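# Structure here, sequence nowhere to be found:
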């Protein structure tokens, strides 16, 4: 049966290399049935180490397949299924038994999971996972940043906390992206950043030139700015973007009918600035001012 599992693994590698993801899904279905028959979907001391290593590798390939299918729920399930295998392998290594973790892709899978949490804005779970990695690394006499697959999402998160979105943008476009699979998150993460900047800009400005907004929002063209503005309900006039609740110019001070502005609202609830908004707005304003001096 071990030979059968190895055959599944070889087929999965081939399908992923050829980008035949539907075929990979079918192979995974058959492989997991085989693991179920072997009682190897969860690790146990009674299961031969070679079978456990192959089971773990199949689940890792399933996680990679899910990432490439942009199926975050499936990837999360694979990540959770893999944790008992990683724990079991660490236990075997710590007790001096056969080390079966040499082919493990744990660092890659964990780094991708951190990046998924970052892209979805789940800061609490991100720090929960990271804290566990930091403790484990310190017990082994190393730093968590020594692992390039973990270092990448950690540094992105730090830049996001600072509101340094330009650093995040550059990082997602640079050679520091560990693998092609990490690059798949670029559009998701940049989309999250773009929405955050858009919300902060709505609170920080009355209007912006379209040319400045292109750089501020990390968009490739002014046409993309126009499309993005229309999607958010911004008003476009005379080469400028006018943000909601400020699209119509108020009457001059002292003029008859002048109203004291009220807090902007979204629906029935007062619009609360996003997390770390003071830092984000400060950086956004500074960045925009720099752009204006260039333009």
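That came through, no problem. This one's a predicted model, so the numbers in the text were calculated from it and none came from an experiment.
# Flag every buried residue along stretch 11-23.
Of the residues in stretch 11-23, 11-12, 15-16, 23 count as buried by neighbour count, 16 or more other Cβ atoms under 10 Å. The way it works is simple: take the backbone N, C-alpha and C, and place the C-beta from them, glycine included.
# how about TSV for those, with pLDDT added?
Formatted as TSV, those follow (pLDDT from 0 to 100):
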residue	pLDDT
11	96
12	96
15	96
16	96
23	96
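# Can you add distance to residue 156 and secondary structure and give those back as CSV?
Converted to CSV, the buried residues of stretch 11-23 look like this (distance: Cβ to Cβ, whole Å; DSSP: H, G, I helix; E, B strand; the rest coil):
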residue, distance to residue 156, secondary structure
11, 34, helix
12, 29, helix
15, 30, helix
16, 25, helix
23, 32, helix
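# ok, so of the residues you listed, who is nearest residue 179?
Of all those, residue 16 has the smallest distance to residue 179: 12.1 Å, by Cβ to Cβ.
# After the biggest helix by length in the chain, which helix or strand is next? Please name it.
Assignment by DSSP state H gives helix 72-94 as the longest helix of the chain. Where DSSP states H and E defines the elements, the next helix or strand beyond helix 72-94 is helix 106-120.
# now that following helix: mean pLDDT?
For helix 106-120, the mean pLDDT works out to 94.
# What are the buried residues along that helix?
106, 108-119.
# quick one: contacts of the helix or strand just after that helix?
Next along the chain after helix 106-120, taking DSSP H and E as the criterion, comes helix 123-139. Helix 123-139 is contacted from outside by 110, 113-114, 117-118, 143-144, 146-147, 150, 153-154, 157, using Cβ atoms under 8 Å, 6 or more residues apart in numbering.
# Same check on stretch 168-177?
152, 155-156, 159-160, 183, 185-186, 189-190, 193, 218.
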